[in-house]
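S.K.: got a structure for you, letters missing:
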């Protein structure tokens, strides 16, 4: 349960301070606190406070492999702050798992480094001074540390298709390409590549590259943003494939992995969706062969400081929902829609909005547009005061139409701000219930004028040195939002204190240099303004015991009698009795305090207990009934800012506010019960009590509800996100099958209705869209499609991918091809076509690593081979390139020539010139031997890529590759076996970890022959 309400962000909460995980949870940093948001409920469910300084990077741990030893999985989040400390925390229990740091360095970037199926405990971190460290997050120790001394590094991104490939941004327009990142320390220093020579900077202290990220749908493709251009780079070939101008600076660039779609959020507030396409043309310019078609865009926002976009994130499960985090702490959700699917989170996925056909083209389904799903507010900038609603008064309201509504039952705290806005916060859930703009000036003072009324006062600071201002005093009805001015504006000194009486019928106003005013709060009229001889008021309090009222028989009007005590600047206390509309003169109360004592600065009164505090932290409590006083010297020796008693009947617990702490006191024994100290960077602005637990408002625009000495509390079972329930899959499955047994709307409480209606709406839509079972060849495939929806909804990507491969093998569709993230399991022809497009575009690049480019073009053949030959003819390296071009266009059909070239290739490979040897073997049609050589050199990924690109039958190479994956990478192995129709191995491997899925695949594969094997009529 979160007990913290966030406000505006810290300037160091940057573009990496938000992340979205597969289970639908968002983690983002606000100052030094991590907030966890359950998007299915649009609710902050957890706050984690371990850091001492502002958070700049947040990363969710990837989901554990189902084949891993650990059967239970809880969401783990890694976070780094500006002081260089990294914390690993459990998002459910809020427990700190580990904490570590690299001496004298800050954290520039970090990503989790999942190692096959074995571990999800490694974190790859780029520290300052160009030091890269692979941390073991369980032990907090370094696996290895490597410093790239020859070049400064600022940011990096990891290849989603091969974790060994990492690309770093460096000074100017350069990037460092590394392909040897693993569990052992890198052996090389990487390869430096100049992206563009324009606007280059020679300084080593900064970089022109402000964004770098891999394309998740194309292999070996990286997006790099420099100034007003977006560059598409192939780090393997060391070439820039395209340069695309962009409208404004990009805050976040979010490629989809299951479609060739690109989401972007710009600094001008616009969210855009584009579709990327490689389409080689006869023109030699790279940009002519690559396009990014803009599909839709949201409106730009007005440029305001508090409306500045800080970060954004794409949901990895739906890949059609974007969250945008603003500087003012607001979190906005955008959903892609085509008017055929509802605007409900997880009711649709990107496959429902984009088709991916056999031509490998991503096509929109219908007219797409981005719509705002929801938004989550935060406290406005510049919070000033907080007051707890008097819940004990709710039972005294007669014939209350709001008695059974949220407004009539919630424990609300009112928070005033510099903008004149008052936030009503549900204390127990830490959610902002409602906002009111109550006055044009800042809210300096705030009091509840009843359970449904707020009294606020404030003023706008004068632009001159004059202390004359125009005060605003308003009373606001929170049921209607109607605000009424209590007193007219006039030139006077600022209001410093307001206090509402016990019966909420009198309002006392104290000024900086004006006499005290007493107002009738029910009739909104001034009862009395004290004489000019009235001293300057430091604090005041109404009695909650010495009061009474009676109703006259003739007019049936109530006459109230109440008592007010005042504290002046000379430590004198005055007593003012009020009766009806009559305010008597104040009388000075004889006390033990002398004018020579420390200045008294705060006072509070409850029953017979009158307590005061001074600037040195001394506390005195007078028991008026027993005529006794008790005094204690606070060890903090800091000024008392405010004092308040608990509102619980008969309880005299007192909260005392200091600048750096809030203390709770038992005034009967005069002992300290609890002390809540703030971090070094925080100051307490105001405090109040909810029951016996303090509400603390701090200068980081945060409201904290302190229920225990521990800052972090675990989630209760009923607060657990739906996806992390053990029976989540079965609940969704039962719902889609029409056998769900969830509570009806009438049986659920109002809180359950509010939290579950989004989930119910999404499941209802999915249930209505399920394909009917038909007694044909695809009967069992329909069950597979339904199970894929279940797995996608719960964020189980591996199972959804496995089902997609099975469906593709049994019910292949021209409009629903396997997604790009599974291109390693495509048919060879489609894989070759996609790779050929990229290589053909690379042949037109100005600069490239020609030796590697020629090798890949020869392997893939076709148009790419012709294009690379044309490139070699005009190459600057005339001698080498001309000979190479002549070799490529010559005929090698002669058996003697083939044998000789094979011998030459074998000698080259033996001499460690593997690229040249592989190229020659593919040139003479001996690609199978080339792949075997690659596998003998442990280049497994390269061997399978070349086999699918250049071999007619790569089954032998695939078999060896799968055998290599058997022990450590079972997920990839199972997907590969499914793509090769090896169903017994697939069922055997999945049966031990997911019996339901294994049983479904077994029934499908044993009852339905694949379409390719069906006899044609």
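M.R.: Yep, that arrived. Because the structure is a prediction, the values reported are computed rather than measured.
S.K.: Going by C-alpha atoms from here, please, whenever you check contacts or count neighbours.
M.R.: Noted.
S.K.: which outside residues touch the helix or strand where residue 44 lies?
M.R.: Assigned by DSSP states H and E, residue 44 belongs to strand 43-48. Outside strand 43-48, the residues that touch it by Cα atoms under 8 Å, 6 or more residues apart in numbering are 1-4, 33-38, 89, 91-92, 94, 376, 430-431, 711-712, 715, 719.
S.K.: what kind of secondary structure is the closest residue in space to residue 534 that isn't next to it in sequence in?
M.R.: Spatially, and ignoring its direct neighbours in sequence, residue 534 is nearest to residue 515 (5.6 Å; Cα to Cα, 6 or more residues apart in numbering). Of the three states, residue 515 takes coil under DSSP: H, G, I helix; E, B strand; the rest coil.
S.K.: who touches residue 335 in this structure?
M.R.: 320-322, 343, 345, 370-373.
S.K.: Can you tell me which of the residues you listed end up in strands?
M.R.: If you go by DSSP state E, the contacts of residue 335 have 321-322, 370-373 in strands.
S.K.: Using neighbour counts, trim those residues to the buried set.
M.R.: Among these, those scoring as buried are 321-322, 370-371, 373 (criterion: 16 or more other Cα atoms under 10 Å).
S.K.: Closest one of the residues you listed to residue 730?
M.R.: Checking those against residue 730 by Cα to Cα gives residue 321 as the nearest, at 24.7 Å.
S.K.: can you pull the contacts of the closest one?
M.R.: 314-315, 333-336, 345.
S.K.: 10 Å instead, please
M.R.: By Cα atoms under 10 Å, 6 or more residues apart in numbering, residue 321 lies in contact with 263, 313-315, 333-337, 344-346, 348-350, 370-373.
S.K.: Buried among the residues you listed? Need that as a selection in ChimeraX.
M.R.: The buried residues among these can be selected in ChimeraX (16+ other Cα under 10 Å) with this line:
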select :263,313,314,315,333,334,335,336,337,344,345,346,348,349,350,370,371,373
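S.K.: in the stretch 251-400 of the chain, which segments are predicted with low confidence?
M.R.: Scanning the stretch 251-400 of the chain with the threshold set as pLDDT under 70 gives 282-288, 302-306.
S.K.: The stretch 651-800 of the chain now?
M.R.: In the predicted model, the stretch 651-800 of the chain carries pLDDT under 70 at residues 739-757, 769-780.
S.K.: Quick one: the helices in it, in order.
M.R.: In the stretch 651-800 of the chain, helices defined by DSSP state H, counting those that start in this stretch lie at 728-736, 750-768, 779-793, 797-810, listed in chain order.
S.K.: Among these, single out whichever gets nearest to residue 406.
M.R.: helix 750-768 (8.3 Å).
S.K.: Nearest residue to residue 192 in space, please, no chain neighbours.
M.R.: Nearest residue to residue 192 in three dimensions, chain neighbours excluded: residue 176, at 4.5 Å (Cα to Cα, 6+ apart).
S.K.: That neighbour contacts residue 170, correct?
M.R.: Yes - between residue 176 and residue 170 there is a contact under Cα atoms under 10 Å: 6.7 Å.
S.K.: what do these two both touch?
M.R.: Joint contacts of residue 176 and residue 170 (Cα under 10 Å, 6+ apart) are 151-153, 156, 192-194.
S.K.: which one of those is nearest residue 507?
M.R.: Once Cα to Cα is applied, the member of the shared contacts of residue 176 and residue 170 that ends up nearest residue 507 is residue 156, at 60.4 Å.
S.K.: looking at this, that closest one is in a helix?
M.R.: No - counting by three-state DSSP, residue 156 falls outside a helix, being strand.
S.K.: Distance check, it against residue 210.
M.R.: Using Cα to Cα, to the nearest Å, residue 156 is found at 11 Å from residue 210.
S.K.: Compare these two and say which is more crowded by neighbours.
M.R.: Using other Cα atoms under 10 Å, the more surrounded residue of residue 156 and residue 210 is residue 156, with 23 against 15.
S.K.: how much space between the more buried one and residue 175?
M.R.: 9 Å.
S.K.: How about residue 354?
M.R.: Using Cα to Cα, residue 354 is found at 33 Å from residue 175.
S.K.: So these two - more neighbours on which side?
M.R.: When residue 354 and residue 175 are compared on other Cα under 10 Å, the one with more neighbours turns out to be residue 175, at 29 against 23.
S.K.: Correct me if wrong: the more buried one contacts residue 169.
M.R.: Yes - counting by Cα under 10 Å, residue 175 does reach residue 169; the two are 4.5 Å apart.
S.K.: Give me the common contacts of the two.
M.R.: With Cα under 10 Å, 6+ apart as the test, residue 175 and residue 169 both reach 151-156, 192-193, 207, 209, 212, 224.
S.K.: since we're on residue 551, how many residues are nearby?
M.R.: If you count neighbours by other Cα under 10 Å, residue 551 ends up with 11.
S.K.: Can you check the pLDDT for it?
M.R.: What the model reports for residue 551 is a pLDDT of 73.
S.K.: contacting residues around it?
M.R.: 557-560.
S.K.: Counting neighbours, what do you get for residue 438?
M.R.: Residues near residue 438, counting by other Cα under 10 Å, number 28.
S.K.: Which pLDDT value belongs to it?
M.R.: Note for residue 438: predicted pLDDT of 93.
S.K.: List phi and psi for it.
M.R.: Main-chain torsions, residue 438, degrees, to the nearest 10: phi -90, psi -30.
S.K.: Report the contact partners of it.
M.R.: Under the criterion of Cα under 10 Å, 6+ apart, the contact list for residue 438 reads 416, 419-422, 454-457, 472-477, 481-485.
S.K.: Which one among the shared contacts of residue 175 and residue 169 sits at the bottom for pLDDT?
M.R.: Among the shared contacts of residue 175 and residue 169, residue 207 has the lowest pLDDT, at 75.
S.K.: What residues are bridge-paired with that residue?
M.R.: Judged by DSSP bridges, the bridge partners of residue 207 are residue 172.
S.K.: next one: residue 583
M.R.: residue 578.
S.K.: related to what we said a few turns ago, show me which pair in the shared contacts of residue 176 and residue 170 is furthest apart.
M.R.: Checking the shared contacts of residue 176 and residue 170 with Cα to Cα, the most distant pair is 156 and 194, at 15.4 Å.
S.K.: Surely the residue nearest to residue 534 touches residue 568?
M.R.: No - using Cα under 10 Å, residue 515 makes no contact with residue 568, being 11.6 Å away.
S.K.: got any residues that touch both of the two?
M.R.: 534-537.
S.K.: Contact partners for residue 184?
M.R.: 134, 143-145.
S.K.: And stretch 705-713, how far out from the chain middle?
M.R.: 23 Å (Cα atoms, centre = their mean, to the nearest Å).
S.K.: now what about it, what contacts it?
M.R.: 1-5, 46-50, 92-96, 427-430, 674-677, 687-697, 704.
S.K.: Please narrow those to those residing in strands.
M.R.: If you go by DSSP E, the contacts of stretch 705-713 have 4-5, 46-48, 96, 674-677, 687-690, 693-697, 704 in strands.
S.K.: Of the residues you listed, grab the buried ones for PyMOL.
M.R.: Typed into PyMOL, the line below selects the buried ones among the ones in strands among the contacts of stretch 705-713, using 16+ other Cα under 10 Å:
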select buried, resi 4+5+46+47+48+96+674+676+677+687+688+689+690+693+694+695+696+697+704
